[in-house]
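Asker: Give me a model of this one.
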Amino acid sequence: MEFRVLGTIEVDGPAPTSSPAGAKERAILARLLIDAGRTVPADALLDAGWDDVPREVAARSLAVRVANLRAFLEPGRERGAPSSLLVREGPGYRLAVDPRQVDAHRFELELRAAAALPPAEAHAALDRALSLWRGSPYGDFVDAEFAQAEVRRLEDLRADAQAAHARALVELGRPLEAIPALRRLLEQEPLGEELTRVLMLALYATGRQVEALEAYRALAARLVELGLQPGEPVRELERRILEQDPGLAAQHEPAAPLPTPGRPAPVGREHELGRLRAALAAAASGQRTGVLVHGEPGVGKSTLVDAFLAEAAQPGGAAAGVGQCVGHRGPGEPYMPVLEALGELARGPQAEAVRTALAQRAPTWLVELPWLLDETTDPEAVRHRAQGATRARMLREMLEALDAMGKAAPVLLVLEDLHWADDSTLDLLDAVLRRRDPARLLVLGTFRPAGEHGEPAVAALAHDLCVRGVAESLPVGRLPEPAVEDYLRRRFPAGGLPDGLAPVLARRAGAGCPRRGRCG
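Answerer: As a prediction, this is how the structure comes out:
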């Protein structure tokens, strides 16, 4: 039997359901699991389940609730027979299990083991540890007084594990994969000196030395407000970056780009593709990730995304769905690109997982995609469940459905041309990326910058999401002249390249696109 508390409380055992039906039984189980294998006083159980009930009334109910919990945990035991699992000891009760049967304890064992391992083995151990997390620890009781100390302790340990995981990636020469997680962690702990130091290393190793120095200065500014200055390790790293210390670059050289199966990478876009690959790797490890690709029309955003999608579609890769916003003179249909992406996901290799997630968690969305209903599903029952749909409910259901889809395979949700997105789609993008629960999800959006060809709403949202560390900005600029010339020589291999053509095209590339739609 296994107990899971790193999310909503679940029991993997002989009972047909995964959690006791009664709220008080679940509270008693939660309190016992905090001290699994140790005796918990009856008063502590009363505080957990009956904090607003007179003690003498609660005490009379405790024995009944404990009996119900025993029946759930040991369904074959005759009522009244001694229990070998939930034992009465003195003035309290003990859940007689090995602590290793509780996912939180196994998480801590992996975390402690990783601290003594070399980077590659530490990375694997931390992957196993972080994969145990499904949401906020102790689920429904995250705000209950009896669980708050344990919830805070576990959340702190998860942050430690995420930081150690990112540090291991940098040490393994995979800094691009570490950057999104480090930014998110710094949002939660803005005074984290070690987090800042590792982020500076990762940024410098990927050729972003200006951003590395900006990370240092942001930390220094926050510390100055408290009358402090960064510690010596961070100051020393800043000095080495300013001096472009060759030893630093050699020690943390970025990993070589991954090969692109099936088609070559777009010329001159290897760096951008590397960042997208790193974001997908982070999502596959359980880190909810967003990348917002932006650039002028015609500059090559869609070509970049198409090449990346071709990689992701390889066997064993992510489940990908693409939706495109379309320009309107008036308000667009709510959620149109999201519905388009869901339809593509439901036709892909993970179709069954997608349909199941929508049926179980998002009926208000399923009624908008009736072709997904199979012969075993009653359309009237789905429509009945979807009654009372509101914008808030649709947001909540889609958040849950996307998280559930990611359990079968990483999900890649692509929303193109967000400068034409309706308000509902932008609200969903905001909610999905701000959600704190871990998920195997990468949201990739493309848009034109605000101005003549763009709308300020998406630019403002993108700025806010990136400042908060829940999304990464990926600008796509014009190709440099050498890249244009390289492309033309591949296109005209027989020596038919006119002299002077490359610089002319380099100047004109990205000047604009006369067509609406997929010009980027």
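
Asker: List the buried residues for the stretch of helix or strand A381 belongs to?
Answerer: Secondary structure assignment for A381, by DSSP states H and E: helix 379-385. With burial defined by 16 or more other C-beta atoms under 10 Å, the residues of helix 379-385 counted as buried are V382. (Each C-beta comes from the backbone N, C-alpha and C, glycine too.)

Asker: what about stretch 58-74, distance to the chain center?
Answerer: 38 Å (C-alpha atoms, centre = their mean, to the nearest Å).

Asker: before we move on, back to that, who touches the helix or strand just after the helix holding A381?
Answerer: Next in sequence after helix 379-385, counting helices and strands by DSSP H and E, comes helix 391-405. Contact with helix 391-405 is made by 319, 335, 338, 345, 350, 353-354, 356-358, 360-365, 411, 413, 424, 427-428, 431-432, 435, 437, 439, 441, as judged by C-beta atoms under 8 Å, 6 or more residues apart in numbering.

Asker: before we move on, the earlier item: what's the helix holding A381 packed up against?
Answerer: For helix 379-385, the packing partners by 3 or more C-beta pairs under 8 Å, 6 or more residues apart in numbering; DSSP states H and E come out as helix 363-366.

Asker: Am I right that A96 is in contact with G37?
Answerer: Yes - contact criterion C-beta atoms under 8 Å: A96 and G37 qualify, at 7.1 Å.

Asker: Sketch out the low-pLDDT regions of the stretch 301-450 of the chain for me.
Answerer: Under the criterion pLDDT under 70, the flagged ranges of the stretch 301-450 of the chain are 315-316, 327-332, 374-379.

Asker: which residues in it form strands?
Answerer: 319-324, 411-416, 441-447 (DSSP state E, counting those that start in this stretch).

Asker: Of these, which is nearest G192?
Answerer: Minimum separation from G192 across the strands of the stretch 301-450 of the chain (C-beta to C-beta) falls at strand 441-447, 24.6 Å.

Asker: need the next SSE after the closest one, C-terminal direction.
Answerer: Per DSSP H and E, the helix or strand that comes after strand 441-447 is helix 456-467.

Asker: Which neighbouring elements make contact with whichever helix or strand comes after that following helix?
Answerer: Counting by DSSP H and E, the element after helix 456-467 in chain order, helix or strand, is strand 472-475. Here strand 472-475 touches helix 175-188, helix 270-284, strand 289-294, helix 456-467, going by 3+ C-beta pairs under 8 Å, 6+ apart.

Asker: Tell me which of these approaches D417 most closely.
Answerer: helix 456-467 (9.5 Å).

Asker: Could I get the buried residue list for the closest one?
Answerer: Quick answer for helix 456-467 (16+ other C-beta under 10 Å): 458-459, 461-462, 465-466.

Asker: Over to stretch 35-43?
Answerer: 35-37, 39-40, 42.

Asker: Then stretch 300-308?
Answerer: By neighbour count with 16+ other C-beta under 10 Å, stretch 300-308 contains the buried residues 300-302, 304-305, 307-308.

Asker: swap in stretch 89-102?
Answerer: Using 16+ other C-beta under 10 Å as the test for burial, stretch 89-102 gives 92-95, 97, 99, 101-102.

Asker: coming back round to it: would you list the buried entries among the contacts of helix 391-405?
Answerer: Looks like the contacts of helix 391-405 have 319, 335, 338, 345, 350, 353-354, 357-358, 361-365, 411, 413, 424, 427-428, 432, 435, 439, 441 buried, using 16+ other C-beta under 10 Å.

Asker: For E108, give me the pLDDT.
Answerer: In this prediction, E108 carries a pLDDT score of 93.

Asker: which secondary structure element contains it?
Answerer: helix 103-114.

Asker: next one: Y93
Answerer: Residue-wise, Y93 maps onto strand 92-95 under DSSP H and E.

Asker: Mind listing the strands that strand pairs with, and their directions?
Answerer: strand 39-41 (antiparallel), strand 86-89 (antiparallel) (DSSP bridges).

Asker: Q244: which of those strands is closest?
Answerer: The nearest among the strands paired with strand 92-95, by C-beta to C-beta, is strand 39-41 at 58.3 Å.

Asker: related to what we said a few turns ago, check which residues of the helix holding E108 are buried.
Answerer: Buried residues in helix 103-114 (16+ other C-beta under 10 Å): 103-108, 110-111, 114.

Asker: Stretch 231-249 now?
Answerer: Neighbour-count burial for stretch 231-249 [16+ other C-beta under 10 Å]: 234, 237-238, 240-241, 248-249.

Asker: Extract the CA atoms of it and return them as CSV.
Answerer: The C-alpha trace of stretch 231-249 is given here as CSV (Å, rounded to 0.1, in the frame of the first residue of the first chain):
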residue,chain,number,x,y,z
GLY,A,231,28.1,37.7,-0.7
GLU,A,232,31.6,37.0,-1.9
PRO,A,233,30.7,34.0,-4.2
VAL,A,234,28.2,36.1,-6.2
ARG,A,235,30.5,39.2,-6.3
GLU,A,236,33.4,37.0,-7.5
LEU,A,237,31.3,35.6,-10.3
GLU,A,238,30.3,39.1,-11.4
ARG,A,239,34.0,40.0,-11.5
ARG,A,240,34.9,37.0,-13.6
ILE,A,241,32.0,37.7,-16.1
LEU,A,242,33.1,41.3,-16.5
GLU,A,243,36.6,40.1,-17.2
GLN,A,244,35.3,37.4,-19.5
ASP,A,245,37.4,34.9,-17.6
PRO,A,246,38.2,32.1,-20.1
GLY,A,247,38.3,29.5,-17.3
LEU,A,248,34.7,30.3,-16.6
ALA,A,249,33.6,29.8,-20.1
